[in-house]
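[1] Fold the following for me, if possible:
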Amino acid sequence: GTAVLNLVPGLGKNWNFGLSMLLVCVVCIAHVVLLPGEIWKPCLYLFISNALSLDYASLTYSFYLDDPEGLQRAKCPDFCPHFPAWFFVTVINIVDALFA
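    Numbering: from 1, shown residues only. The predicted structure follows:
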């Protein structure tokens, strides 16, 4: 789907969304028609759950990190922790790996 969307970059956001929804439907129908049920049911579940998942990694970067110019402090001066980058990359990921 991404390859097709990259081939037509001039369509605009509305067309890209419509084309991506069309590709999702084509992939889902192709799974059901071409594969046996033991294969297409888990594949379709994983495909739909990945398509509907939210990626919030960039939000956590801007919430947890402090930038050198202090621009993040101007956006959320009171409640953002503003950890240094080394702390965010090492300590938080180690704690996350231990308790995941």
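[2] Scan the helices and strands of the protein for the one with the lowest mean pLDDT.
    helix 2-7 (a mean of 55; mean pLDDT, DSSP states H and E).
[3] helices and strands around the very next helix or strand once past that helix, which ones?
    Using DSSP states H and E, the helix or strand that follows helix 2-7 towards the C-terminus is helix 13-34. Counting contacts by 3 or more Cβ pairs under 8 Å, 6 or more residues apart in numbering; DSSP states H and E, helix 13-34 packs against helix 2-7, helix 37-52. To be clear about C-beta, it is placed using only N, CA and C from the backbone, and glycine gets the same treatment.
[4] Deepest in the core, which of those is it.
    Neighbour counts (mean count of other Cβ atoms under 10 Å) averaged over each of those peak at helix 37-52, with a mean of 11.
[5] Just the angle for that helix relative to helix 13-34, thanks.
    Between the axes of helix 37-52 and helix 13-34, defined by axes from the mean of the first three to the mean of the last three Cα atoms, to 10 degrees, the angle is 170 degrees.
[6] Low-confidence stretches in this structure?
    Flagging of the chain using pLDDT under 70 yields the residue ranges 1-14, 58-59, 62-63, 65-82.
[7] Surely Leu35 is in contact with Pro42?
    No - with contact defined as Cβ atoms under 8 Å, Leu35 does not count as touching Pro42 (10.3 Å).
[8] Quick check: the gap between Ile39 and Leu98.
    Applying Cβ to Cβ, to the nearest Å, the value for Ile39 to Leu98 is 36 Å.
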